[in-house]
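S.K.: Mind looking at a prediction? Sequence and model below.
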Amino acid sequence: MTQPPGLQPERTLLAWKRTSLGLVANGILLLASGIGTSDVRLGLGIVVTVLALSCWATVSAVYRHLRHEPGGLGSDRVLRVAAGLVLLVGLFDLYAVITR
Amino acid sequence: MSQEEQQEQEPDYRFTLANERTYLAYLRTALACYAGGLSAAQFLNLGGARWPGRVIGIVLVTAGIVTTVGAFRRWQVNLNAMRLGARLPVTRIPLVLGATIAVVGLIGLLFSLLR
């Protein structure tokens, strides 16, 4: 079955991009909280920033390749990985807040 | 149509994508809570005392973590409901999250005014 074209896939991919940007912001904040005060927080900031930029790159690549194939979006596994990633960043941020 | 066939019915892809976007909106809200919490602990200057900023930070980051878990569960529950053709269940996540942010914001404001 061919799926009707529409802006839904585009909006969903933009939502993924905004979420990736949220991850980037958290990475930068973690970096800022660690510079000059804590190597652990700095390291966590680098990890989160790299993960966030990878996420951004992946989402951008998906945006280019799957623009007209809405069926290729958002598998259960991808959404699980996203939740796990955000949860991990949350735990890092919690550590950063407690040790600040 | 038998009940089994009904259970296996995939929703329209537009609804699946809308569910995914709602999930991502929750994740972004959680990320904003993290960022707010981290900023409070990092930048909130309350007359030299660090603990108010730290407490605000812990509450906000914890709210973000709860939202992340709740968002995933919500996405699953919504998808199942759509597959079964049932009503979407009511969620309390926005209410609880909104109340938490409002209370934390007010406390932060009071501390800032009374310092």
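M.R.: Alright, I've got the coordinates. Numbering: from 1, shown residues only, chains lettered A, B, ... in the order given.
S.K.: Spell out which parts of chain A neighbour chain B.
M.R.: When proximity is defined by Cβ under 8 Å from any Cβ of the partner chain, chain A lies next to chain B at A:3, A:6, A:8-9, A:11-12, A:15-16, A:18-19, A:22-23, A:25-26, A:29-30, A:32-33, A:70-71, A:73-74, A:79-80, A:82-83, A:86-87, A:89-91, A:93-94, A:96-98, A:100. Every C-beta, even on glycine, is put in place using the N, C-alpha and C of the backbone.
S.K.: Restricted to strands, list those.
M.R.: Using DSSP state E, no member of the residues of chain A next to chain B falls in strands.
S.K.: Buried ones among these?
M.R.: A:8-9, A:12, A:15-16, A:18-19, A:22-23, A:25-26, A:29-30, A:32-33, A:70, A:73-74, A:79, A:82-83, A:86-87, A:89-90, A:93-94, A:96-97, A:100 (16 or more other Cβ atoms under 10 Å in any protein chain shown).
S.K.: Narrow these to those in helices?
M.R.: Using DSSP state H, the subset of these located in helices is A:8-9, A:12, A:15-16, A:18-19, A:22-23, A:25-26, A:29-30, A:32-33, A:79, A:82-83, A:86-87, A:89-90, A:93-94, A:96-97.
S.K.: so what's B:Arg74 closest to, chain neighbours aside?
M.R.: Excluding the flanking residues, the one nearest B:Arg74 by Cβ to Cβ, 6 or more residues apart in numbering or on different chains is B:Thr91, at 5.7 Å.
S.K.: Go ahead and report the secondary structure state at the one you found.
M.R.: Recorded secondary structure, B:Thr91: coil (DSSP: H, G, I helix; E, B strand; the rest coil).
S.K.: And the residue nearest the centre of chain A, how far from A:Arg41?
M.R.: The centroid of chain A falls nearest to A:Ser20 when counting by Cα atoms, centre = their mean (3.4 Å). Separation of A:Ser20 from A:Arg41 (Cβ to Cβ, to the nearest Å) stands at 22 Å.
S.K.: And for B:Trp51?
M.R.: To A:Arg41, B:Trp51 is 18 Å away according to Cβ to Cβ.
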